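Undergrad: Build me a structure from this.
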Amino acid sequence: MRTALVTFDGYGYFSQSLIKGLLRASDDVTAFAPLQMKEALGKNIEDGNDRVLYFRKPRMRYPSNLWMIKRLVGRIESLQPEVVHLNGYYPWMYFGLRWLSKYPLVLTAHDLGKHPGDLQSRFTPGSDGWFIKHATRVIVMGEKMRKAAIDDWALDSSSVDVILHGNAHDFLKWADPMMEEQGNTVLFFGRIFEYKGLEYLVEAEPIVRKQIPDARFVIAGRGSDKYLEKIKSRIVHPEAFHFINEYVPDATVARLYQQASLVVLPYVAGTQSGPLLLGYTFGKPVVVTNVGSLPEYVAHGETGYVVPPRDPEALADRIMCLLKDGKARREMGEAGFRMSSEKLSWQVLAKDYLKVYEKACATFA
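TA: Next comes the predicted model:
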């Protein structure tokens, strides 16, 4: 079935992995991607490069996006697709929905609304609703997300599909086989906004350090300077923290994960998480909070632990359990890697996407 997969690269390695997985799974998929992705994709697709068509994407605030969307829609229509798949929201694409509505439209919804304090989403008010209401089928990344999509957007339950977030194994090309874990290092990686709950990690630190004095906490990623300053003002032991408040290159991301003892996601809100999959990719156990669909990615006690949100004592307890027990830590990390290699492999997930395309065509009226 001829499929036009369209991504605007708002989701980093996910978009690249999705394109590669689908091109390998089917000869009938053609991907449309921003020119900015060409170098990375071109190097990582063994065959199928002729089925990736690039377009030049202006900066979000530029009105020239309208011209870009018009041309992009024309190129999609020339393909005469049987289904169109939009990977995420791009506000300007709303103006193209009028022409694309004649095709079955599949939407991957990475999020279902705005997260508290997420400054990056303030420029796209309501865009998620625009696309969700036009979609023939909506793909979400967890059962809890599915329920939220049905309840919040009054969707027909039969039109919402769950396909989990795929692994981050592309990052393994940056791994250094000589790199060793740095003892008692706790890593938080990702965007730094209020919904990430970093204040609770800061509150957990003195509890952890009381029993493990050399525990070290690395917080890496860019985000809200105001929120970060608020977090820093609450730190009891500044020497225990290392901050990297900037864009982190892929090679550095790999190094940080290899050096970490475990990965922590103390979120107070959210849906799913790429940093969690990065933890599994590098064989690290995770400690996550029970928000959104995060628990659906963790086999509690096997690949990591799930704790209540806004509970620094519970967070500290699970961190200490992992730091104190090297054997359990390694076994959980290995189990997480197996999960990412099997259940969360893009080879497996691509087949699920193709099934959704078939359902979209069958139900489109």
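Undergrad: From here on, just use CA atoms for contacts and neighbour counts.
TA: Fine.
Undergrad: neighbours of residue 253, just the number please.
TA: Using other C-alpha atoms under 10 Å, residue 253 has 20 neighbouring residues.
Undergrad: Just confirm it is within a strand.
TA: No: Residue 253 is assigned helix when assessed by DSSP: H, G, I helix; E, B strand; the rest coil, not a strand.
Undergrad: Now do it against residue 226, distance only.
TA: To residue 226, residue 253 is 24 Å away according to C-alpha to C-alpha, to the nearest Å.
Undergrad: Now do the host helix or strand of residue 147, average pLDDT.
TA: Using DSSP states H and E, residue 147 falls within helix 143-153. Per-residue pLDDT values across helix 143-153 average out to 92.
Undergrad: Please point out which parts of that helix sit buried.
TA: Neighbour counts over helix 143-153 (16 or more other C-alpha atoms under 10 Å) mark 143-146, 148-150 as buried.
Undergrad: Ranking helices and strands of the protein by mean pLDDT, which lands last?
TA: Using mean pLDDT, DSSP states H and E, the weakest-scoring helix or strand in the chain turns out to be helix 38-44, at a mean of 74.
Undergrad: mind listing the strands for the stretch 51-200 of the chain?
TA: Under the criterion DSSP state E, counting those that start in this stretch, the stretch 51-200 of the chain carries strands at the ranges 52-55, 83-87, 105-108, 137-140, 160-162, 185-189.
Undergrad: Check the ones you listed for me and report the most buried one.
TA: A comparison of the strands of the stretch 51-200 of the chain by mean neighbour count, using mean count of other C-alpha atoms under 10 Å, puts strand 137-140 on top with a mean of 27.
Undergrad: partner strands of it, parallel or antiparallel?
TA: Under the criterion DSSP bridges, strand 137-140 sits next to strand 105-108 (parallel), strand 160-162 (parallel) in its sheet.
Undergrad: tell me the mean pLDDT for it?
TA: 96.
Undergrad: cool, and stretch 55-73?
TA: Averaged across stretch 55-73, pLDDT comes to 95.
Undergrad: Report the residue ranges of every domain in the protein.
TA: 3-166+345-363, 169-341 (automatic domain parsing).
Undergrad: Mean neighbour count, these: which tops it?
TA: domain 169-341 (a mean of 19).
Undergrad: Quick one: end-to-end length of that one, please.
TA: 8 Å.
Undergrad: Next one, pLDDT for the residue nearest the centre of the chain please.
TA: By C-alpha atoms, centre = their mean, the mean C-alpha position of the chain lies nearest to residue 274, the distance being 3.4 Å. Listed pLDDT for residue 274 reads 92.
Undergrad: Start and end of stretch 204-224, how far apart?
TA: Stretch 204-224: ends 21 Å apart by C-alpha to C-alpha.
Undergrad: same deal with stretch 264-273?
TA: Start-to-end, stretch 264-273 (C-alpha to C-alpha) is 11 Å.
Undergrad: before we move on, back to that, columns distance to residue 316 on top of the strands of the stretch 51-200 of the chain, output as JSON lines?
TA: Below are these laid out as JSON lines (distance: least, C-alpha to C-alpha, whole Å):
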{"stretch": "strand 52-55", "distance to residue 316": "46"}
{"stretch": "strand 83-87", "distance to residue 316": "36"}
{"stretch": "strand 105-108", "distance to residue 316": "35"}
{"stretch": "strand 137-140", "distance to residue 316": "31"}
{"stretch": "strand 160-162", "distance to residue 316": "32"}
{"stretch": "strand 185-189", "distance to residue 316": "11"}
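Undergrad: Break down the chain into its helices, ranges please.
TA: Taking DSSP state H to define them, one finds helices in the chain at 13-25, 38-44, 65-79, 97-100, 127-134, 143-153, 198-211, 225-232, 250-259, 274-281, 312-324, 326-341, 346-363.
Undergrad: returning to that earlier point: so which of the strands of the stretch 51-200 of the chain gets nearest residue 14?
TA: strand 83-87 (9.6 Å; C-alpha to C-alpha).
Undergrad: Could you tell me which strands sit next to that closest one in the sheet, and their orientation?
TA: Partners of strand 83-87 in the sheet, by DSSP bridges, are strand 3-7 (parallel), strand 105-108 (parallel).
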